[in-house]
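S.K.: fold the following and give me the result.
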Amino acid sequence: MAYSFLVTRNIPAVGLDRLGSGGSVKVNPHDRPMTADELVMAAADCDGILSMLTDCIDTAFLDRCPRVKAISNYAVGFNNIDVAECTRRGVGVSNTPDVLTNATAEIALALMLACARRVVEADEVVRAGQWRGWAPLDYLGMDMVGKVLGIIGAGRIGLRVARMAAGLDMPVIYYSRSPHPEFDQIGAVRVDLEQLLRQADFVSLHAPLTDQTRHIIGAKQLALMKPTAILINTARGPLVDEQALVDALRHNRIYGAGLDVFEREPVLNPGLATLKNVILLPHIGSATVATRGQMAVMAAEDLLAMTSGKRPVHPVNPERWG
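M.R.: Have a look, this model is predicted:
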């Protein structure tokens, strides 16, 4: 039996080819997220959807697209999907874990280095022809070697960042609701959130977005951080209250920040782009040729499995299959 699939943004060809082996494939023709109405119109006659984090799969969507029986999310996170409602309706949901761990951890480390050593700011000066030559007091930054790294969220990416930090002799402390033996094995110390914020020189966010973690970093938490501390977010934008962060950066309450994700992507909080002590990246944590290709294949294969009634390799709602 041939199935009909919708891919909501263009993905690497290797994934489209794999999906095409099991049915007809239509791809969002626009180089932007689909609107809610466009998504419904395109998905109404489809059996499965290969979706993005920007696609809202909620009750309203499911009501209007009853034929859809499988959602394969091209991401580790799935806060864009009402998983409970999908399960109630017998709709399978999958994601793409593990494959982007290294790539995202690399971006977190890159942001730490770039913020600490004022890399972007210095690059702009050279490009503008304003560099006067070497000077003892120009572009003094912060050291990383030996500084304390605080990790919020003890998942795979957070653990990979902690292991990378070992090469810089950075002591690691972490915050999570429960102990994680993998962190303990590398010498990381579990602390409460307040202790982490007070002690860490670098605070790196790696938590999923939930009702409990939304704005886990706000004005109160930023006030606890050292004035020499750097905040890194490569997880989910709404983990940070962006307005509170703008205020903290503007008044130098923390040294700097590096963001790969934002509260209302792609819209930035007013004032964020004008600050020199923040580095802004366009959500490129997983953006390597190998990683995005692997994600495409994983998402396609799981979508093919679910539409044919099989359990996917990476289920978000395994109870759907008993």
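S.K.: would you map the strands across this structure?
M.R.: 3-7, 23-27, 48-51, 70-73, 92-94, 149-152, 172-175, 189-190, 202-205, 230-233, 256-259, 278-280 (DSSP state E).
S.K.: residues in contact with stretch 87-102?
M.R.: 62, 68-78, 81, 83, 86, 156-157, 160, 285-286, 291, 294-295, 298-299, 302-303, 306, 311-317, 319-321 (C-beta atoms under 8 Å, 6 or more residues apart in numbering). Heads up, the C-betas are built off the backbone N, CA and C, glycines and all.
S.K.: quote the end-to-end distance of it.
M.R.: End-to-end distance of stretch 87-102: 31 Å, with C-alpha to C-alpha, to the nearest Å as the criterion.
S.K.: which of the contacts of stretch 87-102 are buried? Put it as a ChimeraX command.
M.R.: For the buried members of the contacts of stretch 87-102, the matching ChimeraX selection, counting by 16 or more other C-beta atoms under 10 Å, is:
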select :62,68,69,70,71,72,73,74,75,76,77,78,81,83,86,156,157,160,285,286,291,294,295,298,299,302,303,306,312,314,315,316,317,320
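S.K.: I'd like the strands of the chain written out as CSV, with distance to residue 39 and mean pLDDT added.
M.R.: Rendered in CSV, the data for these read as follows (distance: least, C-beta to C-beta, whole Å; pLDDT from 0 to 100):
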stretch, distance to residue 39, mean pLDDT
strand 3-7, 8, 98
strand 23-27, 12, 97
strand 48-51, 8, 98
strand 70-73, 12, 98
strand 92-94, 16, 98
strand 149-152, 32, 98
strand 172-175, 36, 98
strand 189-190, 41, 97
strand 202-205, 29, 98
strand 230-233, 27, 98
strand 256-259, 27, 98
strand 278-280, 27, 98
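S.K.: mind putting those strands in CSV, distance to residue 134 included?
M.R.: Below are the strands of the chain laid out as CSV (distance: least, C-beta to C-beta, whole Å):
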stretch, distance to residue 134
strand 3-7, 51
strand 23-27, 51
strand 48-51, 51
strand 70-73, 49
strand 92-94, 53
strand 149-152, 30
strand 172-175, 34
strand 189-190, 40
strand 202-205, 27
strand 230-233, 25
strand 256-259, 23
strand 278-280, 23
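S.K.: out of these, which comes closest to residue 36?
M.R.: strand 48-51 (12.8 Å; C-beta to C-beta).
S.K.: which residues does the closest one contact?
M.R.: When contacts are defined by C-beta under 8 Å, 6+ apart, strand 48-51 is touched by residues 3-8, 11, 15, 19, 43, 55, 57, 68-74, 80-81, 299-300, 303-304, 306-307.
S.K.: quick one: which of the strands of the chain is nearest residue 128?
M.R.: Distances from residue 128 to each of the strands of the chain were compared by C-beta to C-beta, and the smallest falls on strand 278-280, at 17.5 Å.
S.K.: show me what that closest one packs onto, helices and strands only.
M.R.: Using 3 or more C-beta pairs under 8 Å, 6 or more residues apart in numbering; DSSP states H and E as the contact test, the elements touching strand 278-280 are helix 101-116, strand 256-259.
S.K.: relative to residue 135, which of these is closest?
M.R.: helix 101-116 (19.3 Å).
S.K.: check contacts around residue 201.
M.R.: 142, 147-149, 226, 228-230.
S.K.: which of these sit farthest apart?
M.R.: In those, two members sit farther apart than any others by C-beta to C-beta. They are 149 and 228, at 13.7 Å.
S.K.: and this protein, what are its domains?
M.R.: Dividing the chain into domains by automatic domain parsing, as the record does, gives the ranges 3-99+289-321, 101-280.
S.K.: and the contacts of residue 201, which of them are buried?
M.R.: 142, 147-149, 226, 229-230.
S.K.: what is the nearest of those to residue 267?
M.R.: After measuring the buried ones among the contacts of residue 201 against residue 267 - C-beta to C-beta - the closest member comes out as residue 230, at 23.8 Å.
S.K.: quick check: beta-bridge partners of the closest one?
M.R.: According to DSSP bridges, residue 202, residue 256 are recorded as the beta-bridge partners of residue 230.
S.K.: likewise residue 27?
M.R.: Each beta-bridge partner of residue 27 is listed here: residue 7, as defined by DSSP bridges.
S.K.: which residues touch the nearest residue to residue 303 once chain neighbours are set aside?
M.R.: Nearest-residue entry for residue 303: residue 72, 3.8 Å, with adjacent residues in sequence omitted and distances by C-beta to C-beta, 6 or more residues apart in numbering. Contacts here follow C-beta under 8 Å, 6+ apart; on that basis residue 72 touches 48-51, 93-95, 299-300, 302-303, 306, 312.
S.K.: what's the most distant pair in those?
M.R.: Maximum pairwise distance among the contacts of residue 72 (C-beta to C-beta): 15.1 Å, between 93 and 300.
S.K.: so for the two, which sits in the more crowded spot?
M.R.: Between residue 93 and residue 300, residue 300 has the larger neighbour count (other C-beta atoms under 10 Å), namely 28 against 25.
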